[in-house]
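Participant: got a predicted structure here, sequence first:
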Amino acid sequence: MAEYTINTNELKEKAKELKAGDRVLLSGTVYTSRDAAHKRIFAALKNGEELPYDLDGAVIYYAGPTPAPEGLPIGSCGPTTSGRMDPYAPALLDAGLIAMIGKGGRSQEVCDAICRNKAVYLCAIGGAGALAAKCIKSCEVIAYEDLGCESVKKLRIENFPLIVAIDCSGGNLFKQ
């Protein structure tokens, strides 16, 4: 198992090298999105409408952060259970999504889409949202503000610690 320091803008190229079990310190731009936002993004994609951000090479973090305390960009920001996004993930991957960050296993359809699109699924440590927030340097609501904590946010992260859970060669920590 290897360790990598990667920026999100190079993840499209680097995803092919990553193997299940590798450790990654990820920096760059990620977008938060959970159930309600995924439903809207999926509908927009299906209807040919404008998306809140370009999916090509994008990284989605399945999180619904708490409000920011005084002087900080964000509150607690731990991963949510990824399986709830499984109905939408294959279409988003086919549209260019390169990585998803969350916790827990994924369906076979998502695993197949990860392989087909040379993408990667990364896991963050569940229950450590306050620690994860320390890696988040900025936070901006960019879509679906009416969803509150589940609005789509653009985050700038630095050295966010992650584990490759499912790689594009079929490696899967949940099945090994």
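Facilitator: Nice, I can see it.
Participant: pLDDT at residue 19, what is it?
Facilitator: Residue 19 carries a pLDDT value of 98.
Participant: how about it, what does it touch?
Facilitator: Contacts for residue 19 were tallied using C-beta atoms under 8 Å, 6 or more residues apart in numbering; they are 1-2, 164, 167, 169, 171. Placement of C-beta: from N, CA and C, glycine included.
Participant: distance between the longest helix seen in the chain and the chain's centre?
Facilitator: With DSSP state H applied, the helix covering the greatest number of residues in the chain is identified as helix 35-46. The chain centroid and the centroid of helix 35-46 are separated by 15 Å under C-alpha atoms, centre = their mean, to the nearest Å.
Participant: give the other helices and strands that it contacts.
Facilitator: Counting contacts by 3 or more C-beta pairs under 8 Å, 6 or more residues apart in numbering; DSSP states H and E, helix 35-46 packs against helix 89-94.
Participant: state the mean pLDDT of the longest helix of the chain.
Facilitator: pLDDT averaged over helix 35-46 gives 96.
Participant: return the set of buried residues in it.
Facilitator: Within helix 35-46, the residues scored as buried using 16 or more other C-beta atoms under 10 Å are 35-38, 40-42, 45.
Participant: one more: stretch 118-136?
Facilitator: So stretch 118-136, judged by 16+ other C-beta under 10 Å, has buried residues 119-124, 129, 132-133, 135-136.
Participant: ok, these vs residue 83, which is closest?
Facilitator: residue 121 (11.2 Å; C-beta to C-beta).
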